[in-house]
Every structure is written in structure tokens, then in C-alpha cells.
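>>> missing the sequence, but the structure's below:
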């Protein structure tokens, strides 16, 4: 059996699975089966999703332009664009520019991709070790290394 706990508020200097394993192995020698750290990736995922949607819009705009024998078409921007209000733009150029902008934003988000968020799941080989880790302070600072039980089954990467 495997027994997993979640540790939050882990200091940034323990930003890898190896560093956390080393620190906990001193307290619980031979009891740790795996350590899985959590990293921030949501901003990059949002940018990739936006980029995909914008590519679809560009392909649609190019298809409409092809149906009009390659002549530039017009699109109104804004919430009331369908009512005849809003700025008139060439949709192919508009979506091409949006793609360029989103790509630049994605590159900036990629620079922070994988930022450690101070959370790890630690799996022990016995319920005794997991219970002991959950009931003792893992640090002399009570606001760090906060242990919480895992309420759903957690599948480790080992």
C-alpha cells in the first residue's frame, strides 16, 4: 500500500523533488516512496488555447476571402458589431496580428512556466510514517511545510 500526504507552503529553496526527498529522508529514512512537486503552467496553457482559437478564426477568414476570389473582406469589431457599429477591419490581417501578439505573450508566459508553487505530494510506504509526518512539524517555522491529508486517491509517478 501507498500512503500520500500533501505538503503546502514549501519554501522556494526546496523547489525540486530531489531537494524535498533529501530533506524528508533525513526525518523518515527509507520510508519515502515518491515525491511529486506541483508547478504553475496555467498561463501558458491559456495562451496556447487562445492561439488555437485565433488560428481557427484566421482559417475561417481566409476561407471567406477565398470565396470572394481573394478580395479583402470586412469585419466589424466590438460587442455591437452585428448591429453595424464598431471599427471595420480586414479579418485576415486582424487575426494575423492577434496571432503575433498572442505568440509574444506565450513566449513571456513560457519564461515563468514551471514555476514551483510550494506544493508537493509525498507518498510513504507505511501508514505509520505518513501519519507521523502529518502530525509533526516538518520545520521549525509553523507557517511552512504544512501537511494536509489527501482525500482522494493519488496516483504517484513511480
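Great, that's in hand. As the structure is a computational prediction, the values presented were derived from the model and not from experiment.
>>> hey, let's count contacts and neighbours off CA atoms from now on
Fine.
>>> Point out where this structure drops to low pLDDT.
Low-confidence segments of the chain, defined by pLDDT under 70: 1-2, 76-86, 113, 151-158.
>>> any idea whether the residue located most distally from the centre of the chain is helix, strand or coil?
Within the chain, residue 69 marks the point farthest from the mean C-alpha position, 42.7 Å out by C-alpha atoms, centre = their mean. Look at residue 69: counting by DSSP: H, G, I helix; E, B strand; the rest coil, its state is coil.
>>> mind pulling up the phi and psi values for the spatially most central residue of the chain?
Centroid-nearest residue in the chain: residue 41, 2.2 Å away (criterion: C-alpha atoms, centre = their mean). Here is the backbone geometry of residue 41 (degrees, to the nearest 10): phi -140, psi 0.
>>> hang on, isn't it packed against residue 116?
No: taking contacts as C-alpha atoms under 8 Å, residue 41 lies outside contact range of residue 116: 9.7 Å.
>>> Contacts only, for residue 96.
Shown in contact with residue 96 (C-alpha atoms under 8 Å, 6 or more residues apart in numbering): residue 58.
>>> where's it relative to residue 11, distance?
The gap separating residue 96 from residue 11 is 42 Å, by C-alpha to C-alpha, to the nearest Å.
>>> if I look at the residue farthest from the centre of the chain, how far off is residue 112?
44 Å.
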